[in-house]
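K.L.:
Let me see the structure of the following:
(chains A and B)
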Amino acid sequence: MKRVVWFMASVAVAALVACAQSGASDDTTLGDAAVTNPDATSNNGACVECVIDSDCKGGVCAQLGGDSYCATTCASASDCASNEQCISVTTISGDQASACVDVQSSVCGLNPTNPPPSDDGGTSNDCPGFASPTTTASCSSCKQGSNGCQPNGCYGGWWCNTNTNKCQSSAPTNCNGSADAGPPPTFDGGVTSNINENGGTESAIYFAVVGDTRPANEDDTTNYPTTIIDTIFSDVAAVSPAIPFVVSTGDYQFSNPSGSQASAQLAKYAAAKGNYTGIQFPAMGNHECTGATDSNCGSGNADGITNNYTAFMTTLLGPIGKTLPYYSININSPTNAWTAKFVFVAANAWDSAQSSWLTSTLSQSTTYTFIVRHEPASANTAPGVTPAETIMAKYPYTLSIVGHSHEYYHSSGSREVVIGNGGAPISTNQDYGYAIVRQLSNGDIQVDMYDYKTNAVDSSFEFAVTP
Amino acid sequence: MRIVVALARVLAVAAVIAAAVTATALGRRNVHATDATTTLHVPLAPDPKLDGELVEDAWHATPVVHLKKRDGSEGRPYSDVRFLRSAKFLYVGLYASDHDIVSAGVAHDGPVWLGDSFHVVFRDDAGEERAIDVGIASGGGGVVTDGARRAGGAWDYAWESGAEIATDTDGTVDHPGDNDEEWVVEMRVPLASLHLADGAHVFVRVRRCDVAARGAIASAPCSETDPIELVLGK
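P.N.:
The predicted model follows:
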């Protein structure tokens, strides 16, 4: 019995020690040098990160090596180690101080020197949101007029982030003259199309996908992600050749289902996507019902006709003449070389009629079948997810395009792709953007994701599926 | 009897270690009044309903502060914070986008940072720091760990903030793989416990870490606000 007690005790202590170790690791992540190195009175050859002078216990937190590190203050070189020099540094709070610095250190040595601004006869501040060393800005890492202090309030060639008024060692690497830095993608060969709200023809399958564009909090129309949506649709509009249509994966709002903000938010959405003049085919999300993933709207369903549902039907489906939240369109080759159907499933307006419709629609043979729905298969509390997946399993389809998760994701070998990074709060370490789906010369369908700011393609994501 | 004594000894040792661990973990969350970069004037507003839903007009009208990565870019996953005040309370609204909500599985004044959590640290001009850490509880709802200290000193967990919280989770807690969306904390703290009065100011910093599994702090992406100077309007 005694051994049992001591064993239990050992486990308890081990668990607590593990907790302590976890905490220490977190400190490292967070860069709080006062905890990771409590003896950081000097860097002593080590590069100790810091966020404020008090992290350095008698030293200063200095802007070094493109970051901030502890340095021991000095009056002369004799105060420093043999490998260090006593030089003037700028502290993280913007003051000048004399401190010991190993100027040869590749980590916490002198700040990296940026190339001089290009002398192109124009402004050198060619990166919106950032002020170059020669541009007047409000950073305050150094005092204007002090030795080496640049007009932007930084020193050492650093740039000023005008949003945060903090200095950084360089402009963003993706900055080449525009906030929307990269050119929109261009694909070889033209695409001709004749597509209206009921479908049409296209010389090659070619469309964009945007998903999940709601604000973070209910009825927070003030903070609707207008800027992001506007940027995304401007990007899509600029792609060459022109993208004939966009499909969207739902959640265009976060509104109280019995409140008054649904129409206001969808009006913002419609305005924000105004730069794109092609056709949009939207899928319905759970926020077009009550907001709950397990909600079920529509006449005769548990949640009935909510204001969110009505606004969706009116603002987004009305312009393309759809009277039900589920529908399909056919887009075919003008030469009948291939056929494609796009099937929009409303898992939050599920009923027997939609079930029958889905069975009937999927049973119609086409070369390609794209199913667009809000929730992925794993979000099976949505009323129509599991029933739809059951029906889908009986018929071939090319790709199931979903959202709901505020990310983009595709698992190798899967026919489901999540595209939910259209402006709703990102839930992963990704960024907002849009996908382009296109038919390759061998008939496969390629999917690429593009960043909304840079238009850069995420090469780690791209994939192709055979029909 | 010897077994009881042995168990008591072990528990005593464990308690000491737990206290040290907790102190260490809270101790890392320094807030430095000297590097404040954002000033928010928090106007007097009616008390919102404490329900985890930031739906009152006052919540929509107050500035939203995004948590950031250390390089200044927007934090991932996305998180934000907003503040309100009423006659007696400071309200803090915390939003966390979260693909997989994880609880710490601890009680009040336990290490809530072993799960998904926010860390809200107030610092006054006298150097007193008051930390309120908020996490999601296993069965939904929230859990608070609060402590106070003189800057650089040990945390005193006897200090009780009096914070009350309501949470709203869109997703399932401790159920990976089913695509959670977010969680929200609506917290109210008595102004008196923060020694705040009309016209007073306090510095606050908010940090959030998103753990992939309980205790997986080392690999958790964290983001935080710049120091915020809250000025209480009348």
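K.L.:
ok, the residue nearest to A:Asn223 when sequence neighbours are not counted - how many residues close by?
P.N.:
Nearest non-adjacent residue to A:Asn223, counting by CB to CB, 6 or more residues apart in numbering or on different chains: A:Pro215, 5.1 Å away. Every residue, glycine included, has its C-beta placed from N, CA and C. Neighbours of A:Pro215 under the rule other CB atoms under 10 Å in any protein chain shown: 26.
K.L.:
tell me the contacts of A:Pro215?
P.N.:
Applying CB atoms under 8 Å, 6 or more residues apart in numbering or on different chains to A:Pro215 gives the contacts A:221, A:223-225, A:254, A:265, A:424.
K.L.:
and with 7 Å instead?
P.N.:
A:223-225, A:254 (CB atoms under 7 Å, 6 or more residues apart in numbering or on different chains).
K.L.:
Same check on A:Tyr434?
P.N.:
With CB under 7 Å, 6+ apart, A:Tyr434 has these contacts: A:208-210, A:232, A:235-236, A:450, A:452.
K.L.:
So which residues of chain B form strands?
P.N.:
Applying DSSP state E to chain B gives strands spanning B:38-42, B:65-66, B:79-85, B:89-97, B:117-123, B:128-136, B:142-150, B:164-170, B:182-190, B:201-209, B:222-224, B:228-232.
K.L.:
picking that back up, show the pLDDT at the residue nearest to A:Asn223.
P.N.:
Note on A:Pro215: pLDDT of 95.
K.L.:
Mind giving me the ChimeraX command for buried ones among the contacts of A:Pro215?
P.N.:
Burial among the contacts of A:Pro215 is assessed by 16 or more other CB atoms under 10 Å in any protein chain shown; the matching ChimeraX selection reads:
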select /A:224,225,254
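K.L.:
For chain B, state which of the contacts of A:Pro215 is nearest.
P.N.:
Comparing those against chain B with CB to the nearest CB picks out A:Asn223 as the nearest, at 5.7 Å.
K.L.:
Correct me if wrong: the closest one contacts B:Thr62.
P.N.:
No. The pair A:Asn223 / B:Thr62 is not scored as a contact, 10.4 Å apart, by CB atoms under 7 Å.
K.L.:
B:Glu129 against B:Arg123, yeah?
P.N.:
Yes. Between B:Glu129 and B:Arg123 there is a contact under CB under 7 Å: 4.8 Å.
K.L.:
on that earlier part again, of the strands of chain B, which is nearest chain A?
P.N.:
Nearest of the strands of chain B to chain A, taken as CB to the nearest CB: strand B:89-97 at 3.7 Å.
K.L.:
B:Gly110: what's it in contact with?
P.N.:
B:104, B:145.
K.L.:
Got the phi and psi for it?
P.N.:
Main-chain torsions, B:Gly110, degrees, to the nearest 10: phi -90, psi 180.
K.L.:
do you know how far it is from B:Gly147?
P.N.:
Distance, B:Gly110 to B:Gly147, using CB to CB, to the nearest Å: 12 Å.
K.L.:
among the contacts of A:Tyr434, who's most crowded?
P.N.:
When neighbours are counted by other CB under 10 Å, A:Val210 leads the contacts of A:Tyr434 with 30 neighbours.
K.L.:
Between the contacts of A:Tyr434, which sits nearest chain B?
P.N.:
Closest to chain B out of the contacts of A:Tyr434 is A:Tyr452 (12.3 Å), distances taken as CB to the nearest CB.
K.L.:
contacting residues for the closest one?
P.N.:
Each residue near A:Tyr452 by CB under 7 Å, 6+ apart is listed here: A:228, A:231-232, A:235, A:431-434.
K.L.:
and the two most separated of those residues?
P.N.:
A:Asp235 and A:Asp431 (12.4 Å; CB to CB).
K.L.:
List the contacts of A:Ser365.
P.N.:
Contacts of A:Ser365 (CB under 7 Å, 6+ apart): none.
K.L.:
now do the one 3 residues further on
P.N.:
Taking CB under 7 Å, 6+ apart as the contact definition, A:Tyr368 lies against A:205, A:338, A:340, A:398, A:445, A:467.
K.L.:
My guess is the fifth one contacts A:Ala464. True?
P.N.:
Yes. Judged on CB under 7 Å, A:Ile445 makes contact with A:Ala464 at a distance of 6.3 Å.
K.L.:
Which one's more surrounded, these two?
P.N.:
A:Ile445 (19 against 14).
K.L.:
Now that one: closest residue in space that isn't a chain neighbour?
P.N.:
Of all residues not flanking A:Ile445 in the chain, A:Val465 sits nearest, at 5.3 Å (CB to CB, 6+ apart).
K.L.:
What is the least confident helix or strand in chain A?
P.N.:
Least confident helix or strand of chain A, by mean pLDDT, DSSP states H and E, is helix A:33-36 with a mean of 23.
K.L.:
does the helix or strand following that one come close to chain B?
P.N.:
With elements assigned by DSSP states H and E, the helix or strand that comes after helix A:33-36 is strand A:60-64. No. Using CB under 7 Å from any CB of the partner chain, strand A:60-64 never reaches chain B; the gap is at least 9.5 Å.
K.L.:
Show me which positions of stretch B:111-126 end up buried.
P.N.:
B:111-124.
K.L.:
Now narrow these to whatever sits close to chain A.
P.N.:
Within these, those near chain A by CB under 7 Å from any CB are B:111, B:114.
K.L.:
for the buried residues of stretch B:111-126, which one is nearest B:Asn179?
P.N.:
For these, the nearest to B:Asn179 is B:Asp116 (15.4 Å; CB to CB).
K.L.:
Touching, that closest one and B:Gly135? I think so.
P.N.:
Yes. Applying CB under 7 Å as the test, B:Asp116 and B:Gly135 come out as touching, 6.4 Å apart.
K.L.:
Apart from its neighbours in sequence, what residue is nearest A:Thr136?
P.N.:
Using CB to CB, 6+ apart and skipping residues adjacent in sequence, the residue nearest A:Thr136 is A:Pro151, 4.5 Å away.
K.L.:
What residues does residue 214 make contact with?
P.N.:
Since no chain was named, I'll use chain A. Counting by CB under 7 Å, 6+ apart, A:Arg214 touches A:251-254, A:287, A:424.
K.L.:
please go with chain B instead
P.N.:
B:102, B:104-105, B:114-115.
K.L.:
of all the residues in the stretch 351-467 of chain A, which ones are close to chain B?
P.N.:
Checking the stretch 351-467 of chain A against chain B by CB under 7 Å from any CB, the hits are A:376, A:378-379, A:404-407, A:425-430.
K.L.:
Please determine how far the nearest residue to B:Pro46 once chain neighbours are set aside is located from B:Trp113.
P.N.:
The shortest distance from B:Pro46 to any non-neighbouring residue, by CB to CB, 6+ apart, is to B:Ser86 (6.5 Å). Distance from B:Ser86 to B:Trp113, counting by CB to CB: 29 Å.
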